[in-house]
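Task: produce atomic coordinates for the following.
(chains A and B)
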Amino acid sequence: MFHPSHFAAVLLFALCASTVFGITMRDTPQRMFRYGAYCFILFLGSAVVLSWVMFLIAR
Amino acid sequence: MSTTPNKPAAAGKPNAARQSNQGFVYLPLIAGWLFPGAGHFLQRKWIRGALLAVSIIAMFALGLAMQGKLYTSAQDILDLLGVAGDLGTGVLYFVGRAAGWGGQPIQTTVADYGTKFIVVAGLLNIIAAVDAHNLRTGRKS
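Coordinates of the predicted model:
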């Protein structure tokens, strides 16, 4: 059984989802790459920010 | 960072319009749903199709490896949505059902992540299939 850490699961999810988003939402390779990178950073950034928010709420 | 959405590619392009009138227009949509990336392969978009296939199949496989659940029956509305999401993976779902893949029931947090990976793989595959259809009709280049 594959048992990734929570952050590794977020990384894998963000990588696969942003690849599909980049390819399907833009029409030139350069813009696909940029949009995919943008989505990847947003996925990771939102996960990190929300994690800190929940940590601070729980204290 | 540019986030300008796609513009219709068929406007002012007679080749795209002519191409969209040849053959069964829904073939890339159906092929793309049945097998991830196949809709793009039919359009000769080899790299895009390969990247989509790798991403979606990897997500499905990771979900299974995490002991994620393949929804098999709809007892309530949430299960029904899960079945709908899983069905998006096309052949992968039917093969998984036939082979008895996936954990039952969900007992760990990682298994719950796995279930979500499988559902999202299906939803992403639907987006990819619709994109293949847009390529076929000339809405996108």
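
Tell me, how many residues neighbour the nearest residue to B:Leu70 once chain neighbours are set aside?
Nearest residue to B:Leu70, sequence neighbours excluded (Cβ to Cβ, 6 or more residues apart in numbering or on different chains): B:Gly102, at 3.8 Å. For glycine as for every other residue, the C-beta is placed from the backbone atoms N, C-alpha and C. B:Gly102: 22 surrounding residues under other Cβ atoms under 10 Å in any protein chain shown.

And what about B:Gly102, helix, strand or coil?
What DSSP: H, G, I helix; E, B strand; the rest coil gives for B:Gly102 is coil.

Just list what the longest helix anywhere in chain A packs against, helices and strands only.
Longest helix of chain A, by residue count under DSSP state H: helix A:29-58. Applying 3 or more Cβ pairs under 8 Å, 6 or more residues apart in numbering or on different chains; DSSP states H and E, we find helix A:29-58 packed against helix A:6-25.

and the angle from the helix it packs on to helix A:29-58?
150 degrees (axes from the mean of the first three to the mean of the last three Cα atoms, to 10 degrees).

Could you give the separation of helix A:6-25 from the chain centroid?
5 Å (Cα atoms, centre = their mean, to the nearest Å).

Contacts made by it with the rest, please.
With Cβ atoms under 8 Å, 6 or more residues apart in numbering or on different chains as the test, helix A:6-25 has contacts from A:4, A:32-37, A:39-40, A:43-44, A:47, B:5-6, B:48, B:51-52, B:54-56, B:58-59, B:62, B:66, B:109-110, B:113, B:117, B:120-121, B:124, B:127-128, B:130-131.

which residues does B:Gly96 contact?
Per Cβ under 8 Å, 6+ apart, neighbours of B:Gly96: B:Phe60, B:Leu64, B:Leu70, B:Thr89, B:Gly102.

wait, the residue nearest to B:Leu70 sits on B:Lys69?
Yes - using Cβ atoms under 8 Å, B:Gly102 is in contact with B:Lys69, at 5.2 Å.

sorry, back to before: in the longest helix of chain A, which residues are buried?
Across helix A:29-58, burial judged by 16 or more other Cβ atoms under 10 Å in any protein chain shown covers A:Arg31, A:Met32, A:Arg34, A:Tyr35, A:Gly36, A:Tyr38, A:Cys39, A:Phe40, A:Phe43, A:Leu44, A:Ala47.

if we can go back for a sec, among the contacts of B:Gly96, which one sits closest to B:Leu27?
The nearest member of the contacts of B:Gly96 to B:Leu27, counting by Cβ to Cβ, is B:Thr89 at 18.9 Å.

contacting residues for the closest residue to the closest one other than its chain neighbours?
Spatial nearest neighbour of B:Thr89, chain neighbours left out: B:Gly122 (4.4 Å); criterion: Cβ to Cβ, 6+ apart. Shown in contact with B:Gly122 (Cβ under 8 Å, 6+ apart): B:Phe60, B:Ala84, B:Gly85, B:Asp86, B:Leu87, B:Gly88, B:Thr89, B:Tyr93.
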